[in-house]
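J.: What would the 3D arrangement of this be:
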Amino acid sequence: QVQLVESGGGLVQAGGSLRLSCAASGFTFSTSIMAWFRQTPGKEREFVASINWSSNSMSYVDSVKGRFTISRDNAKNTLYLQMSSLKPEDTGVYYCAAAVAFKGYTRWGQGTQVTVSS
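T.: Model (predicted):
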């Protein structure tokens with residue numbers, strides 16, 4: 001059974017930092033492209049960052065470049081998102097996702113809430 005379990009969300013003041021984690025099981029994490037998405041009420045889910053299996057290729061949405069860092073530990077089947085210099089507009093539910101070959105991101109976690117106060 002595929003499981004993606006996010007943790008690490010919470011309430012933080014603007015300018016603060018958080019590290020999100022995503023524990024994966026039930027599939028071959030070490031060969032999967034992984035990503036973080038986020039969603040706020042009334043808006044579509046937005047891509048935040050992705051990382052390939054070997055961690056030598058990362059991609060970020062422009063709004064988080066220089067502030068967020070995606071990483072992974074294949075030995076621990078865990079994906080991370082280090083978020084720094086947080087802004088109120090970073091508020092949302094953050095989801096971990098795993099890509100399936102030729103199908104895109106079809107495996108999703110339940111999400112973790114991040115709230116940045118001004």
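J.: quick one: least confident helix or strand in this structure?
T.: The helix or strand of the chain with the poorest confidence is strand 104-108; it has a mean of 93 (mean pLDDT, DSSP states H and E).
J.: Distance check, Ile33 against Tyr105.
T.: Per C-beta to C-beta, to the nearest Å, Ile33 is found 8 Å from Tyr105. The way it works is simple: take the backbone N, C-alpha and C, and place the C-beta from them, glycine included.
J.: Pull up the overlap in contacts between the two.
T.: Ala98, Ala99 (C-beta atoms under 8 Å, 6 or more residues apart in numbering).
J.: I'd like to know which elements the helix or strand following the least confident helix or strand of the chain is packed against.
T.: Per DSSP states H and E, the first helix or strand lying C-terminal to strand 104-108 is strand 112-117. Strand 112-117 sits against strand 10-13, strand 18-25, strand 92-100, with contacts defined as 3 or more C-beta pairs under 8 Å, 6 or more residues apart in numbering; DSSP states H and E.
J.: on that earlier part again, run the angle between the least confident helix or strand of the chain and strand 18-25 for me.
T.: Interaxial angle, strand 104-108 versus strand 18-25 (axes from the mean of the first three to the mean of the last three C-alpha atoms, to 10 degrees): 90 degrees.
J.: Please point out which parts of strand 104-108 sit buried.
T.: Tyr105, Arg107 (16 or more other C-beta atoms under 10 Å).
J.: That one pairs with which strands, and in what direction?
T.: Partners of strand 104-108 in the sheet, by DSSP bridges, are strand 92-100 (antiparallel).
J.: Kindly format the C-alpha coordinates of the strand it pairs with as PDB.
T.: In PDB, the C-alpha atoms belonging to strand 92-100 read as follows (Å, rounded to 0.1, in the frame of the first residue of the first chain):
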ATOM      1  CA  GLY A  92      -1.200  26.700   2.600                       C
ATOM      2  CA  VAL A  93      -1.500  23.000   2.900                       C
ATOM      3  CA  TYR A  94       1.700  21.400   1.600                       C
ATOM      4  CA  TYR A  95       1.500  18.000  -0.100                       C
ATOM      5  CA  CYS A  96       4.100  15.500  -0.900                       C
ATOM      6  CA  ALA A  97       3.800  13.700  -4.300                       C
ATOM      7  CA  ALA A  98       5.400  10.900  -6.100                       C
ATOM      8  CA  ALA A  99       5.500  10.600  -9.900                       C
ATOM      9  CA  VAL A 100       4.600   7.400 -11.700                       C
END
